[in-house]
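Peer 1: sequence and predicted model, in that order:
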Amino acid sequence: MGANSHQESFPWKHIIGFLLSLVLTFAALWVALSSGLPLKAVIGIIVLFAVIQASLQLFMFMHVNESDSGRMQTFNMMYSFFIAVVVVAGSIWVMQFVL
Amino acid sequence: MKWSEFFVTGEPLIYAADVAIVLTMIGIVFVLTYFKKWKWLWDEWLTTVDHKKIGVMYIICAVLMLFRGGVDALLMRAQLTAPNMKFLDAQHYNEIFTTHGTIMILFMAMPFIIGLMNIVVPLQIGARDVAFPYLNALSFWLFFFGALLFNISFVIGGSPDAGWTAYFPLAGNEFSHGVGNNYYAVALQISGIGTLMTGINFLVTILKMRAPGMTLMRMPMFTWTILITCVLIIFAFPVLTVALALMTFDRVFGTQFFTMANGGMSMLWANLFWIWGHPEVYIVILPSFGIFSEVVSTFAQKRLFGYKAMVGSIVGIAFLSFIVWVHHFFTMGAGPAVNSAFSITTMAIAIPTGVKVFNWLFTIRKGKIRFTTAMLWSLAFIPNFVIGGVTGVMLAMAAADYQYHNSYFLIAHFHYVLIAGTVFACFAGLHYWYPKMFGHILNERLGKWTFWLFMIGFNVCFFPMYFLGLMGMTRRMYTYSDGLGWTPLNVVATVGAVLMGIGFIVLCYNIYYSARYGERDMTGDPWNGRTLEWATASPPVHYNFPVTPVVEDIDAYWVMKKKYGGFHVKEEDLKPIHMPSNSGRPFWMSVAFFVAGFGLVFKWFALAIAGALFIVLGLILRSFEDDDGYYIPVDEIKRMERAARKGA
Amino acid sequence: MGEAAHRYDETMPLEYRTQESRLNILGFWIFLGAEVALFATLFATYLVLFQRTGSGPTAGELFEVKDVLIETLLLLTSSFTCGLAIFEMRRGRMSGLIAWLLVTLLLGAGFITFELREFIHYVHEGATMQTSAFLSSFFVLVGTHGAHVSLGIAWMILIIIQLLQRGLTAKTARKVFIVSLYWHFLDVVWIFIFTLVYLLGMVI
């Protein structure tokens, strides 16, 4: 997707992104509070929903892959996501022995 | 707070330092006033956005901090020379090893590297400045005032004393009552923000501002290492930012992150500190690898061997650097699974590092070697660094680490990698690029004296420490009893430290001597260099290149010299050059950071808020600023080019 | 900087037309990468500490679904309206741009109001930053996000003033685009706060 100047007349992408975000928010809420699934499954599903919703923001609203630096920007965000996983999961794993 | 608590009192050493500081300040003010240099100082240096001048200021600060950290080191060695010494008491010793470590890593190694990269990287990629020159000035001043804040703790309020790692609970309110560790948290925070902005600035510069034809795989190796270092800075420094903020919250606002009660977890500090701390080690070592690559290739007069393998190994080291942090605290007790995993990732780092060592050796092989000072540092680096690396692999074995941990074996190991890696590289880079910075060459004869004194002194000082560690001497002990058998090796180590100190003095004399009598570099290319920085005049005109050079291969300038006999500029190709305007705002905003930080250290919140308001004011003024820089007309460029090249 | 800095490319949207703008936008994306690392560290701290409540209340005792849902919907909608502002900007419609930015601002201010009420409510129940490791990490993580939103509001106001003063130029368009990136990013962070702080706290 290039950053070209001709523009659609109606913001379809934004509306679809917004509706999907709402669906994912309420779905996560339902899974967490009313689904009765086991705890590990709940955590897995709501984290997955969050990741999908974050990607929606990045691609539908923020246009991370547009412009001549699109690949660098996308790579930058993917790598930062990798670092985030390392820091969060790593810290929890390392500190597990005192939890 | 009473005034007697505000100023540090009680030690003759401190009073002597107070007097020295006051006299130095009076001296500086007198000289500036007498020679009418205030305006020059403001116009040429304090408000500059020129990457070369900013780089020079970084290096001046780094050399001053090397002096301060070195004096700390010599005081420690004096105290440890003989058993039961009474030279320093335990508290003073704690403060000195804390400031030594913090200053050497954050206020000496970092600015030295960042200074060299400021001067060299835009020149190497054929750019006129960095991507964000204003931000670059702000980065420098934040570093400067962070370092200043850290250093005044010495005479105002008291120095931090919990080690450069500042482990909790020792560094918390329960065990450290004074303001020393507040200084640590706030000063590192301020300079850390500057470093993060430098990382972003240079990453964008290297990605987007390379000369036409310079693809990523044609970049000079130093630029490659800086590119990857920037990535490390960008993802590691925010972790430090958070860790220090949490420390500040704990110490100043009474939160419970790392406390001993109410669920606080002191060990979490170690975890966060080293998530930043390990990449930090690579932030200072990767650029060093880059410097050695440039120097070795130039003085072996050959293209760097295994360019692609070099790039791959830098990327590999950077990747691994984020997944090894636990090896700094194997003994914390995280269990066999965690320790084994981090043990393996740590040992894996030896592989890309080994690749690099072989590449340097193969670059030297069959080269026409010129033994300049810069080359001597690079040649000495290889065996010394390998000693540090191999003992690092020993430490990486989690089970064995329970023996080595926090002993002098560890002290010897990290000094072997950090001095033989980073400090040797800084000296190599300083001698190599000195003519580019100042237009004259550092005297080679004095340079070699520095090299031999420092290099021999370094080995005499630190090699015995491996054995002291194996004999049971632990880190951070301020004295030891007679009859342990440690005395002879400690005496030897102190002799080595003194030799290093003499080497440093020779270097300082060399800077003075060469400024007066040193050989002037009229060619811009004193070493028969290979990369684009040597295509400019020494020192370069502030716009660097009158026209943007076109790159055809790796070692762009070497290719130009072979094909066209050099970098030629036709006067009819000149066009007006756009340059950014100077600004005083980075300077005064950083003063505001300093004031706010000082208020936070002493919990004088009114002062902290006043400082913060000025920071906000600076941001608002910047937002509304409408200054797009200025153009240098062609006639002016012609005049400057002739003036710069008149010796050639 | 050189002639390249002023290379003007008519085929791109206004905010990308000068080289300087392209450098700024890429630089801001990289800054957002650093922000990811910053928030990741705060999340790591929170997730390690959130069950260490000492003598204070637990997450389950404190959090209320209704408040959290209102905050979430306000911020999510503001991210959507911010996207619409950029959409209008790319169509060259100044009035639509400013209108949607103002809506975004109001929604953001609403979010901050609800968050402050939530915090004040906790403090009244005796749950302060100093109570336990859980609450320290909760207030610092959610508070850091809230501080970012507040900063975003102030920043957006400055940019609206500049739009009114200077009109839609390559420079103001770039500023609007960058503040929009920042705003969307804060919603991304909130998604994870919603999930890992509130939902997780109410489940465990």
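Peer 2: Sure, I can see it.
Peer 1: next SSE after the helix or strand containing B:Arg445?
Peer 2: Here B:Arg445, judged by DSSP states H and E, is contained in helix B:444-470. Sequence order places helix B:487-517 as the next helix or strand after helix B:444-470, per DSSP H and E.
Peer 1: tilt between that following helix and helix B:444-470?
Peer 2: 160 degrees (axes from the mean of the first three to the mean of the last three CA atoms, to 10 degrees).
Peer 1: so after helix B:487-517, what's the next helix or strand?
Peer 2: With elements assigned by DSSP H and E, the helix or strand that comes after helix B:487-517 is helix B:556-564.
Peer 1: check the offset of that next one from the chain's centre.
Peer 2: 32 Å (CA atoms, centre = their mean, to the nearest Å).
Peer 1: the very next helix or strand once past it and chain C in contact?
Peer 2: Next along the chain after helix B:556-564, taking DSSP H and E as the criterion, comes strand B:577-579. Yes: counting by CB under 8 Å from any CB of the partner chain, contacts between strand B:577-579 and chain C involve B:577-579. (Glycine included, C-beta is placed from N, CA and C.)
Peer 1: what is the nearest of the residues you listed to chain C?
Peer 2: Closest approach between the residues of strand B:577-579 next to chain C and chain C, by CB to the nearest CB: B:His578, at 5.3 Å.
Peer 1: flag every residue of chain A that's near chain B.
Peer 2: Counting by CB under 8 Å from any CB, the residues of chain A near chain B are A:69, A:72, A:79-80, A:83, A:86-87, A:90-91, A:93-98.
Peer 1: which among those residues count as buried?
Peer 2: A:69, A:72, A:79-80, A:83, A:86-87, A:90-91, A:94-95 (16 or more other CB atoms under 10 Å in any protein chain shown).
Peer 1: could I get these as CSV with pLDDT and secondary structure?
Peer 2: Below are those laid out as CSV (pLDDT from 0 to 100; DSSP: H, G, I helix; E, B strand; the rest coil):
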residue, pLDDT, secondary structure
A:Ser69, 86, coil
A:Met72, 92, helix
A:Tyr79, 95, helix
A:Ser80, 95, helix
A:Ile83, 96, helix
A:Val86, 96, helix
A:Val87, 97, helix
A:Gly90, 96, helix
A:Ser91, 96, helix
A:Val94, 95, helix
A:Met95, 93, helix
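Peer 1: so where do the strands sit in chain B?
Peer 2: Per DSSP state E, chain B carries strands over the ranges B:577-579, B:630-632.
Peer 1: now for the closest residue to chain B within chain A: which residues touch it?
Peer 2: Residue nearest to chain B within chain A (CB to the nearest CB): A:Ile83, separated by 4.7 Å. The contact partners of A:Ile83, by CB atoms under 8 Å, 6 or more residues apart in numbering or on different chains, come to B:235, B:322, C:36-37, C:40.
Peer 1: narrow these to just the buried residues.
Peer 2: Neighbour counting by 16+ other CB under 10 Å classes B:235, B:322, C:36-37, C:40 among the contacts of A:Ile83 as buried.
Peer 1: nearest to B:Pro539, of those residues?
Peer 2: B:Phe235 (34.1 Å; CB to CB).
Peer 1: so that closest one touches C:Ala37, yeah?
Peer 2: Yes: contact criterion CB atoms under 8 Å: B:Phe235 and C:Ala37 qualify, at 4.8 Å.
Peer 1: the residue of chain A closest to chain B and A:Ser21, how far apart?
Peer 2: A:Ile83 is 24 Å from A:Ser21, where distance means CB to CB, to the nearest Å.
Peer 1: try B:Leu470
Peer 2: 60 Å.
Peer 1: with A:Gly90 instead?
Peer 2: 29 Å.
Peer 1: low-confidence bits of chain C, can you list those?
Peer 2: For chain C, the stretches with pLDDT under 70 are C:1-10.
Peer 1: count the neighbours of residue 59 for me.
Peer 2: Reading this off chain A. 16 (other CB atoms under 10 Å in any protein chain shown).
Peer 1: can you look at chain C instead?
Peer 2: Neighbour number of C:Ala59 under other CB under 10 Å is 20.
Peer 1: so it makes contact with C:Leu199?
Peer 2: No: using CB under 8 Å as the test, C:Ala59 is too far from C:Leu199 to be in contact (10.2 Å).
Peer 1: if we check chain A, which of the contacts of A:Ile83 are in contact?
Peer 2: Subset of the contacts of A:Ile83 in contact with chain A: B:235, B:322, C:36-37, C:40, counting by CB under 8 Å from any CB.
Peer 1: looking at the strands of chain B, which is buried most?
Peer 2: Comparing the strands of chain B by mean neighbour count (mean count of other CB atoms under 10 Å in any protein chain shown), strand B:577-579 ranks first with a mean of 22.
Peer 1: all helices of the chain, in order?
Peer 2: Went with chain A since none was named. For chain A, helices defined by DSSP state H occupy the ranges A:12-33, A:39-56, A:70-95.
Peer 1: wait, chain C
Peer 2: C:19-49, C:59-62, C:65-90, C:94-124, C:133-166, C:170-192, C:200-203.
Peer 1: including distance to B:Ser139, could those helices go into TSV?
Peer 2: Below are the helices of chain C laid out as TSV (distance: least, CB to CB, whole Å):
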stretch	distance to B:Ser139
helix C:19-49	13
helix C:59-62	39
helix C:65-90	30
helix C:94-124	30
helix C:133-166	20
helix C:170-192	19
helix C:200-203	38
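Peer 1: picking up where we left off before, for B:Leu470 and A:Ser21, work out which one has more neighbours and name it.
Peer 2: A:Ser21 (25 against 14).
Peer 1: residue contacts, the closest residue to chain A within the stretch 101-250 of chain B?
Peer 2: Of all residues in the stretch 101-250 of chain B, B:Phe235 sits closest to chain A, at 4.7 Å by CB to the nearest CB. Residues counted as contacts of B:Phe235 (CB under 8 Å, 6+ apart) are A:79-80, A:83, B:279, B:322, C:33-34, C:37.
Peer 1: how much space between it and C:Thr45?
Peer 2: 17 Å.
Peer 1: now B:Phe381
Peer 2: 38 Å.
Peer 1: and if you look at B:Phe371?
Peer 2: 52 Å.
Peer 1: next, find the distance separating B:Ala612 from chain C.
Peer 2: According to CB to the nearest CB, to the nearest Å, B:Ala612 and chain C sit 12 Å apart.
Peer 1: for the residues of strand B:577-579 next to chain C, could you give me JSON lines that also reports pLDDT and distance to chain A?
Peer 2: What follows is the residues of strand B:577-579 next to chain C, written out as JSON lines (pLDDT from 0 to 100; distance: CB to the nearest CB, whole Å):
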{"residue": "B:Ile577", "pLDDT": "92", "distance to chain A": "24"}
{"residue": "B:His578", "pLDDT": "92", "distance to chain A": "20"}
{"residue": "B:Met579", "pLDDT": "92", "distance to chain A": "24"}
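Peer 1: any low-confidence regions in chain B?
Peer 2: B:1-3, B:646-648.
Peer 1: give the residue farthest from the middle of it.
Peer 2: Distance from the C-alpha centroid of chain B peaks at B:Glu572, with 42.0 Å (CA atoms, centre = their mean).
Peer 1: does stretch B:343-353 reach chain A?
Peer 2: No: judged by CB under 8 Å from any CB, stretch B:343-353 and chain A are separated, with a smallest distance of 10.9 Å.
Peer 1: can you dump the C-alpha atoms of that stretch in PDB for me?
Peer 2: Only the C-alpha atoms of stretch B:343-353 are listed here, as PDB (Å, rounded to 0.1, in the frame of the first residue of the first chain):
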ATOM      1  CA  SER B 343      24.000 -19.900  30.300                       C
ATOM      2  CA  ILE B 344      23.600 -21.200  26.800                       C
ATOM      3  CA  THR B 345      22.600 -17.900  25.200                       C
ATOM      4  CA  THR B 346      25.500 -16.300  26.900                       C
ATOM      5  CA  MET B 347      28.000 -18.800  25.600                       C
ATOM      6  CA  ALA B 348      26.500 -18.400  22.200                       C
ATOM      7  CA  ILE B 349      27.800 -14.800  22.100                       C
ATOM      8  CA  ALA B 350      31.300 -16.200  21.800                       C
ATOM      9  CA  ILE B 351      30.500 -17.500  18.300                       C
ATOM     10  CA  PRO B 352      29.800 -14.200  16.500                       C
ATOM     11  CA  THR B 353      32.600 -12.500  18.500                       C
END
